[in-house]
Structures are given as C-alpha cells and as structure tokens.
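# Just the structure for this:
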Amino acid sequence: MTGKIGVLVIDPDGDIRHWMERLLNRTDNFTCLGAAASVLELSGDADRIRPAMILVDAQSTSLPGSDLIRHLRGVYPAAKVVIMEIEEGGRYENLARRIGADAYISKSSVPESLDDLKRRLFMQGGIE
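As a prediction, this is how the structure comes out:
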C-alpha cells in the first residue's frame, strides 16, 4: 500500500478523540483526517474529507446503529466503518456486523488493533 490510510474519528468524548488523533498520526500506516463529537458535526465536511476508514463510537449519535451505518455510507460511500465501544467481546462484534459495520474494536485495544484492521479491511480485497 502506498501512503497512509486516512481515518475519521467520531467520538463524543474529547479526551478519546484527541488520544485517537495523536495515536493515528504517530503510526506508519494511518493518519487522522479529522475528528468530531458526533455525526452531525461532520455535515459540512463531506466534500472536504475523504476517509478510507471511519472509527465511530456507537454512542456518538441518537440514531439507531443500522441508521448510523447507513448515514455514514451515504456520506462516505468508500469508507470502511469500524464501530468502537468500551466493551470487549464477541457479542459486540456480532452486533456491529449485523448493523452493517465492517469491523468492531474495543477502545482499549485500539493501539494493538490498527495493524489487524489494516490487514483485514484494506489488504484482503480492500484498497490494496
């Protein structure tokens, strides 16, 4: 893959957003293109930002999960949507897949999960 994978972070917690921005920008494979507290904050940025991946907290909107995914896919059709949540476990990953997300990660495992996300989402039939 040439270049870095552009990521958009959507999380209502400002500390998490800033941590994610710093983390992504310190990696060799990712760069943070923007961060917002909610999906609504992004309404004016759709023409400006073209992320390859969106890391979105499930609590960042009042929309039901499947509506959130549908909305993000409508605005950013090429982006891989990854649901983030504090909880860990297979049932959350299954739920994320049922509502149409490309992947699920626990916030506590983000640093360790980035390379796995790159491999699963972008190297196996993705943008590679």
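
# Spatially nearest residue to Arg70 (excluding sequence neighbours)?
Nearest-residue entry for Arg70: Gly100, 7.1 Å, with adjacent residues in sequence omitted and distances by Cβ to Cβ, 6 or more residues apart in numbering. To be clear about C-beta, it is placed using only N, CA and C from the backbone, and glycine gets the same treatment.

# quick one: secondary structure of the most centrally placed residue in the chain?
The centroid of the chain falls nearest to Leu55 when counting by Cα atoms, centre = their mean (1.5 Å). Recorded secondary structure, Leu55: strand (DSSP: H, G, I helix; E, B strand; the rest coil).

# Would you agree it is in contact with Val7?
Yes - with contact defined as Cβ atoms under 8 Å, Leu55 and Val7 form a contacting pair (6.1 Å).

# Pull out the buried residues from stretch 96-113.
Under the neighbour-count criterion of 16 or more other Cβ atoms under 10 Å, stretch 96-113 has 96, 99-107, 110, 113 buried.
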